[in-house]
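The following block contains a protein sequence and its predicted model.
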Amino acid sequence: MFEKKYTTNLNNMKCVINDLTQYFKENIVFLLCGEMGSGKTTFVKNFLYELGVKELVTSPTFTIMNQYELNGFKINHLDAYRLTTNDDAEPFLEEMINSFNLVEWPENLNIDFKEYFKVIKINILIIDNDSRMYIIEEG
Ligand SMILES: Nc1ncnc2c1ncn2[C@@H]1O[C@H](COP(=O)(O)OP(=O)(O)OP(=O)(O)O)[C@@H](O)[C@H]1O
Ligand SMILES: [Mg+2]
């Protein structure tokens, strides 16, 4: 269990991302928590860009799950905003197993993430128009 905090604007997000690229492995999930517009999708875009994903990374708010592939790893980017815990999460869980996963609004998915994955929780707080605080917890 560790906790790390960073405060940054859009230009210096690398400081947060560089510390997290070591977790790009199978059966890891990043849980992205924070209010609407806090910067969850922006984090995912920057993270996948730094890893080397060449495709355009867009918000999965309407598709719910976008998938990418990098160096033989499957990457799932989920946005559960439009789901509730009453929805069947099994099809998403099946995709997530043996993949690297990033999930926005994880509280809307009826999945006990810790049972299947190593969990990295990323809480994003709006500080002001130009900056966000990222609180990273492992465990
Ligand atoms: N570190 C940051 N510093 C300043 N602005 C940021 C930062 N990260 C994101 N933003 C800005 O916040 C806004 C919302 O970002 P984003 O769409 O990523 O939020 P979100 O949390 O995914 O929202 P939603 O809950 O609707 O999915 C964008 O205008 C983006 O440029
Ligand atoms: Mg989003």
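Yep, it's here. Ligands and ions are numbered 1, 2, ... in the order given.

Looks to me like Thr7 is in a strand.
Yes - using DSSP: H, G, I helix; E, B strand; the rest coil, the assignment for Thr7 is a strand.

Would you map the helices across this protein?
Per DSSP state H, the chain carries helices over the ranges 14-18, 40-51, 90-96, 113-116.

who wins for proximity to His77 among those?
Among those, the nearest to His77 by C-beta to C-beta is helix 40-51 (5.5 Å). Where C-beta positions appear, they are placed from N, C-alpha and C, glycine not excepted.

which residues are contacting that closest one?
10, 13-14, 16-18, 20-21, 24, 30, 32-34, 57, 59, 68, 70, 75, 77, 79, 102, 104-105, 122, 124, 134 (C-beta atoms under 8 Å, 6 or more residues apart in numbering).

on that earlier part again, would you mind giving the helices of the chain as a markdown table with mean neighbour count added?
Below are the helices of the chain laid out as a markdown table (neighbours: other C-beta atoms under 10 Å):
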| stretch | mean neighbour count |
| --- | --- |
| helix 14-18 | 15 |
| helix 40-51 | 20 |
| helix 90-96 | 15 |
| helix 113-116 | 12 |
